[in-house]
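Asks: give me a 3D structure for the following:
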Amino acid sequence: MLHSQISQHRNGNIFHNPIKDSEAPDYHEIVKRPMDLKTIKTRIKDGGISNSDDYQREVYLMFANAMMYNRPKSDIYRMAQEVRLSIQLHNISLPVL
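Replies: Presented below is the predicted three-dimensional model:
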């Protein structure tokens, strides 16, 4: 499952939980729709994500947020790009950023 692949990737831990204000004080001002693996899992359980298209959209949003908020040469940007490319190569086609 894609969720497990992201979670188990060497850089996947940055996507496990929502971003806290203490980690990035301006994050929620810049990123209008934050997304992370925990939120995705909750949305699946609650019925907010009911098909693979919705799921792919939320995963794409998670990576897009990380790459939008962080500078292209930053570690977080590179980690997000690496995880995204890794899962894209293995089993899912996400839109190219």
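Asks: please identify the helix or strand for the closest residue to I49 other than its chain neighbours.
Replies: Nearest residue to I49, sequence neighbours excluded (C-beta to C-beta, 6 or more residues apart in numbering): R43, at 4.6 Å. C-beta coordinates here come from the backbone N, C-alpha and C atoms, glycine included. With the criterion set as DSSP states H and E, the secondary-structure element containing R43 is helix 37-46.
Asks: what of I49?
Replies: For I49, there is no enclosing helix or strand under DSSP H and E.
Asks: what sits against the residue positioned nearest the centre of the chain?
Replies: Among the residues of the chain, the one closest to the centroid is M62, at 2.7 Å (C-alpha atoms, centre = their mean). Taking C-beta atoms under 8 Å, 6 or more residues apart in numbering as the definition of contact, the neighbours of M62 are F15, M35, D36, L37, I40.
Asks: of those residues, closest to K73?
Replies: Closest approach to K73 among these (C-beta to C-beta): F15, at 19.8 Å.
Asks: ok, now how distant is that closest one from S86?
Replies: Applying C-beta to C-beta, to the nearest Å, the value for F15 to S86 is 12 Å.
Asks: which one of those two is surrounded by more residues?
Replies: With other C-beta atoms under 10 Å as the criterion, F15 and S86 differ in neighbour count, and F15 comes out ahead with 24 against 15.
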